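>>> quick one: sequence and predicted model below, then my questions.
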Amino acid sequence: MIFGSFARNLSVFGAGFALLAIATPVLPQDGNDEARLRRLEAEVRALQRKVFPGGDGRFFEPEMTAQPSVNSTTSGTSTTAVTDILARLDALEAQLQRQTALNEENANALRQLSERLDAVEGRGASAGGTAGAGTVTTTSASAPPATGATRTVATAQPAGPTQERLAAVQAIAKPQTDDSGDDEYSYGFRLWDAGFFPEAQQQLTMFVEQNPGHWRATYGRNLLGRAYLDDGKAKEAAPWFLKNYQEDKTGARAGDSLLYLAESMIALDDTRRACIALAEFSETYPALAAGRLQGQYEANRGKVKCD
């Protein structure tokens, strides 16, 4: 039985060699034929190992194996890694190119915007100059109507002092003494006494401003207030009365100014302040309230109802 199995295997082995012998003449005679021949021999040897398992290595080459895939894998891996790196470099380069192009576009847009702004400012300045010229022309053209309007307003204004008034004022002589300050005050008093209140206001204002330390200053401030009060200008009179009283309460006309301040408040319908001024006058200057200014004091007290 063993002998029969061996015979069958030997027959197969012989058939393999016969096949090799038959196939060999058909192959082309070139380098590829040699490789194909070696592959066929390897296949025959593999067939022999199946027929004679455990055969001697001296007669049978090891089993033919496929080409190792390590090199292929390594090559594939290496190729893939290099490809990835190159792809990334290409992507970065493309991104850099896009960014550079974008920067150039932005710079170009900014330059165009700046040029537009310069052009707009130039047109605005030109238009402003034109408008200015137009304004000047218009003003020049409209000058006659404006002059006419001015004349109309001037015509509507109150007439100045008449020749008769001017003559009457000039008729009032101004004192000429060694005391120029006293001369200025006396001239203002004469104007007030004559009823020329506006002229007296002007004269007395000049006096108190130029002679604040003159012994007549208390008279001048008080009389200036009276010139306004007698002219129907209680609002302008009150500050002068108050100033004269506060400047020097022992002044010759300080008491007078306090009483006239009350009178000014009455004229302004300010009863509360009028009563305060009257009460302070009676307390500060009782001698005047019972003496020289008694009539005026009682007259003012009768005009208001004080608590």
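Looks like it arrived, so ask away.
>>> let me know the helix or strand that the nearest residue to residue 210 once chain neighbours are set aside is in.
Among residues not flanking residue 210 along the chain, residue 184 sits closest, at 7.3 Å (CB to CB, 6 or more residues apart in numbering). Yep, even glycine has a C-beta here, placed from its N, CA and C like the rest. Residue 184 is located in helix 180-193, with elements delineated by DSSP states H and E.
>>> what comes up buried for that helix?
181, 182, 183, 184, 185, 186, 187, 188, 189, 190, 191, 192 (16 or more other CB atoms under 10 Å).
>>> just the pLDDT at the first one, thanks.
Looking at residue 181, its pLDDT is 96.
>>> ditto for the last one
According to the model's per-residue confidence, residue 192 sits at a pLDDT of 98.
>>> got the contact list for it?
200, 204, 223, 226, 227, 230 (CB atoms under 8 Å, 6 or more residues apart in numbering).
>>> now list the buried members of these.
Buried among these by 16+ other CB under 10 Å: 200, 204, 223, 226, 227.
>>> any idea which of these is closest to residue 258?
residue 226 (13.1 Å; CB to CB).
>>> what's the spacing between that closest one and residue 106?
81 Å (CB to CB, to the nearest Å).
>>> now the buried residues of helix 180-193 as a markdown table including distance to residue 172?
Shown next, in a markdown table, are the buried residues of helix 180-193 (distance: CB to CB, whole Å):
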| residue | distance to residue 172 |
| --- | --- |
| 181 | 18 |
| 182 | 16 |
| 183 | 13 |
| 184 | 13 |
| 185 | 14 |
| 186 | 10 |
| 187 | 7 |
| 188 | 10 |
| 189 | 10 |
| 190 | 5 |
| 191 | 6 |
| 192 | 10 |
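>>> please, which helix or strand holds the nearest residue to residue 183 once chain neighbours are set aside?
In space, and not counting its chain neighbours, residue 183 is closest to residue 175: 4.3 Å by CB to CB, 6+ apart. Residue 175 belongs to no helix or strand when elements are defined using DSSP H and E.
>>> by mean pLDDT, which helix or strand of the chain comes out lowest?
helix 143-156 (a mean of 40; mean pLDDT, DSSP states H and E).
>>> next helix or strand past that one?
From helix 143-156, the next helix or strand downstream (DSSP H and E) is helix 163-171.
>>> orientation of that next one relative to helix 180-193 in degrees?
Computed with axes from the mean of the first three to the mean of the last three CA atoms, to 10 degrees, the direction of helix 163-171 lies at 140 degrees from that of helix 180-193.
>>> neighbours of residue 266, how many?
Using other CB atoms under 10 Å, residue 266 has 19 other residues around it.
>>> again, but for the one 4 residues further on
One way to gauge burial is a neighbour count; for residue 270, by other CB under 10 Å, it gives 17.
>>> what distance do you get for it to residue 197?
Counting by CB to CB, the gap from residue 270 to residue 197 is 22 Å.
>>> ok, residue 227 next?
5 Å.
>>> and what of residue 285?
For residue 285 relative to residue 197 (CB to CB), the value is 26 Å.
>>> likewise residue 38?
147 Å.
>>> got the contact list for stretch 295-307?
With CB under 8 Å, 6+ apart as the criterion, stretch 295-307 contacts 259, 262-263, 266, 271, 274-275, 278-279, 281-282, 288-289.
>>> separate out the buried members of these.
259, 262, 263, 266, 274, 275, 278, 281, 282, 288, 289.
>>> tell me the contacts of the fourth one?
Residues in contact with residue 266, defined by CB under 8 Å, 6+ apart, are 274, 300, 303, 304.
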